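J.: Here's my sequence, what's the structure:
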Amino acid sequence: MEPVIKVDHISKTYPSTAGSIHALDDVSLTIAPGDIYGIIGMSGAGKSTLVRCLNYLEVPTEGDVFVEGKALGSLSQKELRKTRADIAMIFQHFNLLMQRNVRDNICFPLELAGYKKREARAKAMELLKLVGLEEKAKSYPVQLSGGQKQRVAIARALAGNPKILLCDEATSALDPETTQSILALLQKINKELGITIVIITHEMAVVQQICTHVAILDHGKLVEQGTVTDIFTSPKTGAARKLVESGDRTAAVINANKNIRIVFKGNSSFEPVVANVILSVGKPVNILYADTRNINGTAYGEMILGLENDPSTVEKIISAFQTRGIQVEEVPVEDVVE
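T.: Here you go, the predicted model:
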């Protein structure tokens, strides 16, 4: 299947008085039609620059972006505008027109596209029903909550029947409960309308809940990519481990010289696996960190365990977990202490 978006070795450099700033450095990735694709990284990683390159609001210094097989860099301005009509975008701060009511905010891009007023209003009401805000049609943005404003922004983005929806930190200004409702709405839109969604975020919890694939940026470089499940269970780079293992972990004083990370999936998340391993091996372990998460509807658990500095004991404990179907990886001490 041909990717709907292909990023081909793009770099983006900005000049400055202090020298060139390399916002993106040789980034390549592909996004399949109908996917919910996450692009994640810490502040300054290059996420927002990358998402703006996907529709050529930012033109890469090197490389190119292909949308449905068309190289954006080779298009005329007229052709580029036509292609951009298939790529909608929502932002952290909603960008609603304060002097227009909710319905008329959604009508605005339709009016620009040549819709008659009656047609535009009918389409706007359909979209308000989709996002659950029919009763707010005549309200003004100032009368809405943050979550409601974002729903209006999503409805407005969908007015042009896009094939791709880019979400640049779309939930970072919202409280946790509202974030959950917006993510559920995006999943609904993806499933019912078949729209490919690209989510830019610094929150791993957002990626774990909604995305199927993820790319991790670090200082402008793409350091890791794959399915969300694979990245969570087996992060291969320090940047990925930092994102996967961030959150509620508390500082730990480690007396052990060997640390392992174990990952449970599905039913094993609720079984006393650690206790059973301790009983079978006859050696204690120090639980440094434990958490459970929901990744695309599947329960996952993770623990960081400190083990005795005895190679034979370590080997027995790792083997005992592996024979029970538990994924195990060694974790450097510097990745555990905070």
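J.: Tell me how many other residues crowd the nearest residue to Met1 once chain neighbours are set aside.
T.: Distance criterion C-beta to C-beta, 6 or more residues apart in numbering; nearest residue to Met1, sequence neighbours excluded, is Ala32 at 6.2 Å. C-beta here means a position set from N, CA and C on the backbone, and glycine is covered the same way. Per other C-beta atoms under 10 Å, the neighbour tally for Ala32 reads 14.
J.: what residues are up against Ala32?
T.: 1, 3-4, 196, 213 (C-beta atoms under 8 Å, 6 or more residues apart in numbering).
J.: Kindly report the same for Asn190.
T.: Going by C-beta under 8 Å, 6+ apart, Asn190 touches 34, 36, 196-197.
J.: out of those, which is most surrounded?
T.: Ile36 leads these on contacts (other C-beta under 10 Å) with 27 neighbours.
J.: hang on, isn't it packed against Gln208?
T.: No. With contacts counted by C-beta atoms under 8 Å, Ile36 stays clear of Gln208, the gap being 11.7 Å.
J.: hey, where'd the helices end up in the stretch 201-338 of the chain?
T.: For the stretch 201-338 of the chain, the helices defined by DSSP state H, counting those that start in this stretch cover 204-210, 228-233, 238-244, 273-281, 311-323.
J.: okay if I get those helices as CSV plus mean neighbour count and distance to Leu165?
T.: Shown next, in CSV, are those (neighbours: other C-beta atoms under 10 Å; distance: least, C-beta to C-beta, whole Å):
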stretch, mean neighbour count, distance to Leu165
helix 204-210, 22, 12
helix 228-233, 21, 18
helix 238-244, 20, 23
helix 273-281, 15, 40
helix 311-323, 16, 41
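J.: Between those helices, which one is closest to Gly41.
T.: helix 238-244 (7.5 Å; C-beta to C-beta).
J.: how about the helices of the stretch 201-338 of the chain, which one is nearest Asp218?
T.: helix 238-244 (4.0 Å).
J.: Pull the residues that contact that closest one.
T.: Taking C-beta under 8 Å, 6+ apart as the rule, helix 238-244 contacts 40-42, 204, 216, 218, 223-224, 231-232, 235, 331, 335.
J.: What average pLDDT does it get?
T.: Across helix 238-244, pLDDT averages out at 81.
J.: Equivalent analysis for stretch 119-134, please.
T.: 93.
J.: related to what we said a few turns ago, ok, which pair from the contacts of helix 238-244 is furthest apart?
T.: It's Gly41 and Val331 that sit farthest apart of the contacts of helix 238-244, by C-beta to C-beta, at 21.0 Å.
J.: The two: who's more crowded?
T.: Shown here are Gly41 and Val331; by other C-beta under 10 Å, Gly41 has more neighbours (24 against 21).
J.: residue boundaries of the strands in the stretch 51-200 of the chain?
T.: Along the stretch 51-200 of the chain, the segments classed as strands by DSSP state E, counting those that start in this stretch run 62-67, 70-71, 87-91, 164-168, 196-201.
J.: Could you save these as a markdown table and add columns showing distance to Asn105 and mean pLDDT?
T.: Supplementary listing: the strands of the stretch 51-200 of the chain in a markdown table, determined by distance: least, C-beta to C-beta, whole Å; pLDDT from 0 to 100:
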| stretch | distance to Asn105 | mean pLDDT |
| --- | --- | --- |
| strand 62-67 | 26 | 96 |
| strand 70-71 | 30 | 94 |
| strand 87-91 | 13 | 91 |
| strand 164-168 | 17 | 94 |
| strand 196-201 | 21 | 94 |
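J.: Could you list the low-confidence segments of the stretch 151-300 of the chain?
T.: Scanning the stretch 151-300 of the chain for pLDDT under 70 picks out 245-257, 266-271.
J.: Surely Tyr231 is in contact with Val223?
T.: One correction, residue 231 is Ile, not Tyr. No. If you go by C-beta under 8 Å, Ile231 and Val223 don't touch, sitting 10.8 Å apart.
J.: overlap in contacts of those two?
T.: Going by C-beta under 8 Å, 6+ apart, residues that sit against Ile231 and also against Val223 are 216, 240.
J.: re earlier: what's the closest of the contacts of Asn190 to Ser48?
T.: The closest of the contacts of Asn190, once distances to Ser48 are taken by C-beta to C-beta, is Ile197, at 16.4 Å.
J.: and the closest one, what are its bridge partners?
T.: Beta-bridge partners for Ile197, by DSSP bridges, are Ile36, Leu165.
J.: that older thread, could you dump the strands of the stretch 51-200 of the chain to a markdown table with distance to Pro272?
T.: Below are the strands of the stretch 51-200 of the chain laid out as a markdown table (distance: least, C-beta to C-beta, whole Å):
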| stretch | distance to Pro272 |
| --- | --- |
| strand 62-67 | 50 |
| strand 70-71 | 55 |
| strand 87-91 | 44 |
| strand 164-168 | 40 |
| strand 196-201 | 34 |
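J.: Tell me which of those sits nearest to Val152.
T.: Counting by C-beta to C-beta, Val152 lies closest to strand 87-91 out of those; the figure is 10.0 Å.
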